[in-house]
Every structure is written in structure tokens, then in C-alpha cells.
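Engineer: Sequence plus predicted model, see below.
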Amino acid sequence: MQITKNCIVTVDYHINDLEGNLLYKEEEPIVYLHGNYGQIFAKIEETLDGKQIGDTFSVTLSAEDAFGAYDPDLVVTEKLSELPDDVSVGMEIDGFEDDEDDETEAVVIYTVTKIEDDHATLDGNHPFADMDIVFEGIILDIEEAPEDEIQEILETED
């Protein structure tokens, strides 16, 4: 079976920098709905289209096609009194950012990068922001998704 629109695809993958250094290795494979639903980077989905179980792949993604440019506005300083008592460097904290275009709030995951005196520095950028990366892996499974399953998957994303 080949990967086509509305297939559920299981992929084992890792992410390298352009020099081949391992940046990230997921312990569990990723499972996504194929068909331009935004569940995986578009360039990866394009590369996987038509592949079969056991096929390997390697996709180089620019920062813009992957985790985006580094945004200094996503680095904030907060009083420790406003944060959990057990706050520590490396901890991830959910926060919100106002979207000025449509007046909604977007969830931002901040990483505590520094603690000094009574303040902590939080960075909402993805750790791989501003990085060109290589996404490599192997296709483990492909299943046709029935329409009701597709709708269920898409509804849980809202």
C-alpha cells in the first residue's frame, strides 16, 4: 500500500542538524493523518506521498519550513512569585500570547532558561527555531482511514 490522502501513517524518525549531529530522537513513532491536514511539516508530507512500508526518507528543512525564525518577543521575564513554587531551569510552562490579528489567545510553551534573584527568564521559541534541520526516518505502517475516523481526528484538533 502506498501513502495517499486520508491514510494514517506511522513513521519512526529522528532530527539531525546539517552536519549530521543528532538533535532529537523520538522514543515513540509519530502517527499522523496524511493529506495536507497540517499534522506534519508540508515538505515532509510531500516527500512521503507515494512511499510504502519500509521505505526510508531524508528531508532537509529550512528554518522557515520547520520551526520558524527565532522571535525575541517570545522571551519574557517573570517574577518567581508568579510561577509554580518548584520552578527550575529547563522546566516547561504553558502560557498564552495574544494574537492581535484575530483577538484570540494562542498557547505558548515556555522553557525556563534562567533564574536570577526573584525573576525567571522564559523562552517561548522552539529549541530548534532558526535552525535548518534534516528529518530522517522509515515508514512503519500505512492504513486507510475511514471517513468517520478522519472526522474524529480532525475534531480532536480543534
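Structural biologist: Structure received.
Engineer: where's the closest residue to D49 other than its chain neighbours relative to H34, distance?
Structural biologist: Nearest non-adjacent residue to D49, counting by CB to CB, 6 or more residues apart in numbering: I3, 5.8 Å away. Placement of C-beta: from N, CA and C, glycine included. Computed as CB to CB, to the nearest Å, the I3 to H34 distance reads 5 Å.
Engineer: Need the residues touching each of these two.
Structural biologist: 9, 48-49 (CB atoms under 8 Å, 6 or more residues apart in numbering).
Engineer: Out of those, which sit inside helices?
Structural biologist: Using DSSP state H, L48 are the members of the shared contacts of I3 and H34 that sit in helices.
Engineer: I'd like the shared contacts of I3 and H34 as TSV, with neighbour count appended.
Structural biologist: Below are the shared contacts of I3 and H34 laid out as TSV (neighbours: other CB atoms under 10 Å):
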residue	neighbour count
V9	26
L48	22
D49	16
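Engineer: Redo the shared contacts of I3 and H34 as a markdown table? Include pLDDT and distance to N125.
Structural biologist: As requested, the shared contacts of I3 and H34 are exported to a markdown table (pLDDT from 0 to 100; distance: CB to CB, whole Å):
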| residue | pLDDT | distance to N125 |
| --- | --- | --- |
| V9 | 97 | 28 |
| L48 | 97 | 27 |
| D49 | 96 | 30 |
